[in-house]
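Chemist: please find the sequence and the predicted model below.
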Amino acid sequence: MDSSTEPVPRPRVTVRLRALRFDAGSLALNLVATLGRRSSVPIERLGTLDRLREWCAGVGLVLRDQDVTDEFLAELRTLREAAYDVVAAVVHGRSPSAGSVALLNDRARPAPPQPRLRATGTGVAVDGADRPLSGRELQSVVVRDLIALLGDPERRGALRACDSSLCTMLYLDHTPGRRRRWCSMRLCGNSAKAAKHRRRRASAAPAGS
């Protein structure tokens, strides 16, 4: 049988691959990372309301109970894909779609809550910092984080895509010289090293062994 017609084995999706990522370097990029392996068989990491709550807790945001709904989850995924389109455009030197830019500008419009200082008998307290966010406020916080990232030349210049052809996760590289190739050395970096080692062993093996 011609090897070119043989089906390519589908990579096994493990619990580790389905785990939420909070190491992309910013709030907005952590949202983008909730869809993994975009270049192959996508892995949805934000597929349930429990996962939505877990993601909010992981990035330090509190969503109002009444907004923990399938409708809001669908909105957040739409925002995620627009954010991915815009950031990937920056990384790869292309133009994002006009629809993505318009959607992000629209979702950034609602003003996020502003904490206020209040004098007390022993100093000051902060009111409103931990107030649960509405769905639109949460989206505004995420998009404003993305706008701040892209508006900062140093951070914008640190945007990278993981070298793994399966992963391609977007992240900020703050290493000296910005030579980081992988989203995570523990994950994609180790996988690449293991694959390289297997190829070396296979090429060094005697013919017919």
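Modeler: Great, that's in hand.

Chemist: report the contact partners of the residue most central in space within the chain.
Modeler: Nearest to the geometric centre of the chain sits residue 33, at 2.2 Å (Cα atoms, centre = their mean). If you count contacts by Cβ atoms under 8 Å, 6 or more residues apart in numbering, residue 33 has them with 20, 21, 24, 45, 169, 170, 171. C-beta here means a position set from N, CA and C on the backbone, and glycine is covered the same way.

Chemist: tally of neighbours for the spatially closest residue to it that is not a sequence neighbour?
Modeler: Distance criterion Cβ to Cβ, 6 or more residues apart in numbering; nearest residue to residue 33, sequence neighbours excluded, is residue 21 at 4.1 Å. The local packing of residue 21 (other Cβ atoms under 10 Å) involves 20 other residues.

Chemist: I'd say residue 21 and residue 35 touch.
Modeler: No. Counting by Cβ atoms under 8 Å, residue 21 does not reach residue 35; the two are 10.2 Å apart.

Chemist: can you check which residues contact both of those two?
Modeler: Here residue 21 and residue 35 have residue 45 as joint contacts, going by Cβ under 8 Å, 6+ apart.

Chemist: just give me how far the lengthiest helix in the chain sits from the chain centre.
Modeler: Using DSSP state H, we find that the single longest helix of the chain is helix 70-92. On the basis of Cα atoms, centre = their mean, to the nearest Å, helix 70-92 sits 9 Å off its chain's mean C-alpha point.

Chemist: and the next element down the chain from it?
Modeler: Per DSSP states H and E, the first helix or strand lying C-terminal to helix 70-92 is helix 98-108.

Chemist: can I get that next one as CSV, trimmed to CA atoms?
Modeler: The C-alpha trace of helix 98-108 is given here as CSV (Å, rounded to 0.1, in the frame of the first residue of the first chain):
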residue,chain,number,x,y,z
ALA,A,98,-12.6,44.0,9.5
GLY,A,99,-15.3,42.0,11.4
SER,A,100,-12.9,41.0,14.1
VAL,A,101,-11.7,44.6,14.7
ALA,A,102,-15.3,45.9,14.7
LEU,A,103,-16.4,43.2,17.2
LEU,A,104,-13.5,43.9,19.6
ASN,A,105,-14.1,47.6,19.5
ASP,A,106,-17.8,47.0,20.2
ARG,A,107,-17.1,44.7,23.1
ALA,A,108,-14.6,47.2,24.6
